[in-house]
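K.L.:
sequence and computational prediction follow.
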Amino acid sequence: MEASTNVFKYLSENFKAINKHIAEKRPEDKWIYDLNTKYYEDLYTAKDRGQPVIWMSAGTIPELFYAMDIFPVSPEGISSLLAGSREGLMKYLDYAQRYVPDHICGVNKGMIGAAMAGDLPLPDAIVHAAHPCDSGLASFDTIAEYLDVPHFCIDTPYTQNERSYKYMAGELKKVVSFLEEHTGRKLDEDRLREVVEYSNEALRYLAKINELRKNVPCPLSSLHLMVTGSLCVSMSGTPGLVEFYKKQYEIGKAAVEENRGPIPEEKIRLVSLFTPVLFDTGIFRWMEREFGAMVVKDGLSNFSANTIEDVSDTESIFLGLAERLTYTPMGHMANGPYEIYSDMVINICRDYKADAAIFAGNFACKHAWATIKLVKDNIQDELGIPIFIFDIDFVDPRMKSSDTIKAQLQDFITTLLG
């Protein structure tokens, strides 16, 4: 990456180069990268088209933004992608250290560093949720006020029930008013219904994909899993996401019918209880190749929200979106009492027939470290499977390198294999 660059342009060009390489070397996998390639090209050119751009946090959903013809982007997602790029995220992490404490999460430090360096184009507005964590909540408010960008925080309740959904529906209506004021775009209710129908269809395919992954052998690789989790955050409500999930479902369905998986022999089924190593997402694929250890599901990509059945009624749509917001990746792992997260991962381990689980704990995720011992005990009491817990900075290899992480995982997996 150049000393000073437009991050949107960099990612757009990077995905184009990746797509070209995949088309030449592994054309059967090109479809996996097509959607991101188009998304980042559209993001880079949004301002030229006169389309407002907003930043949205992890734990926020994009349907309202698409319904208002506003382009949403997650700067935390940008940090994650940059962490896995050849240049890495270190430049922006170090830049952010001039302004924020060490304990702020790396995806937020990356966002702050890139913005303060002038490399991350500023949005027309920022919309973020109060969940999943204190780091994100503090970072979005602070950077918005420092850079004088209008911002709105969705107040997400501690509980998940009908009362909280009604409250959040009111919050989402306030988001619409806020965006109408600061972008000049109005909510088109016909367009909202169309967007929700697309997100409903995508969720139906995602539910089918999740069912396919429960098969032995798992028909889809960990690459599909990680891309699935990242795309649902930024592209729910788009026809492109529907086509992506449909293609993935068809590939997985064919593999199940032929009783085959992405590796010659599946020896161990693993569930990742939290996040992948974002600076080296190839670690899951390495476990597949080297040991036949398949990550069949992870907490971050576990987006199992209900569809909104009555799209004719705007009030029903807002209530449905409010409920969906509580089930977003990260949000569902850090909102409410710890039993919500514990019950979720126990059910995942049981339903996906896990032989073991791993917890790659990002050092800044205080909420996760506060509960993981309780969660581990609950899993072992219920299912009796081993769990390997290790610490990382998921965007900065200087804390713990890929080689060190692989060595730890190798010891765990070889013990399982006996």
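P.N.:
Done, it's in.
K.L.:
all helices for the stretch 1-150 of the chain, in order.
P.N.:
Ranges of helices in the stretch 1-150 of the chain, per DSSP state H, counting those that start in this stretch, are 7-25, 30-45, 63-67, 75-83, 90-96, 106-116, 134-146.
K.L.:
what pLDDT, on average, does the second one get?
P.N.:
It stands for helix 30-45. Helix 30-45 shows a mean pLDDT of 94.
K.L.:
Val295: which of the helices of the stretch 1-150 of the chain is closest?
P.N.:
helix 30-45 (16.3 Å; Cβ to Cβ). For glycine as for every other residue, the C-beta is placed from the backbone atoms N, C-alpha and C.
K.L.:
name the helices or strands packed onto the closest one?
P.N.:
Judged by 3 or more Cβ pairs under 8 Å, 6 or more residues apart in numbering; DSSP states H and E, helix 30-45 is in contact with helix 7-25, strand 71-73, helix 222-235, helix 239-257.
K.L.:
will you turn the ones you listed into JSON lines that also has distance to Glu162?
P.N.:
Converted to JSON lines, the helices and strands packed on helix 30-45 look like this (distance: least, Cβ to Cβ, whole Å):
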{"stretch": "helix 7-25", "distance to Glu162": "40"}
{"stretch": "strand 71-73", "distance to Glu162": "27"}
{"stretch": "helix 222-235", "distance to Glu162": "24"}
{"stretch": "helix 239-257", "distance to Glu162": "28"}
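K.L.:
mind telling me which of these the model trusts least?
P.N.:
Across those, the lowest-scoring stretch is helix 222-235, with a mean of 84.
K.L.:
out of the helices of the stretch 1-150 of the chain, indicate the one that is most buried.
P.N.:
helix 106-116 (a mean of 27; mean count of other Cβ atoms under 10 Å).
K.L.:
tabulate the CA atom coordinates of it in CSV.
P.N.:
In CSV, the C-alpha atoms belonging to helix 106-116 read as follows (Å, rounded to 0.1, in the frame of the first residue of the first chain):
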residue,chain,number,x,y,z
GLY,A,106,-7.9,-3.7,16.4
VAL,A,107,-10.7,-3.4,13.9
ASN,A,108,-11.6,-0.1,15.6
LYS,A,109,-8.0,1.1,15.8
GLY,A,110,-7.6,0.3,12.1
MET,A,111,-10.7,2.4,11.3
ILE,A,112,-9.5,5.3,13.4
GLY,A,113,-6.0,5.1,12.1
ALA,A,114,-7.0,5.0,8.4
ALA,A,115,-9.5,7.9,8.9
MET,A,116,-6.9,10.0,10.8
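K.L.:
ok, and what's touching that helix?
P.N.:
Contacts to helix 106-116, defined as Cβ atoms under 8 Å, 6 or more residues apart in numbering, come from residues 7, 58, 75-76, 78-80, 82-83, 89, 91-100, 104, 120, 122, 135-136, 139, 142-143, 147, 278, 362, 364, 393-396.
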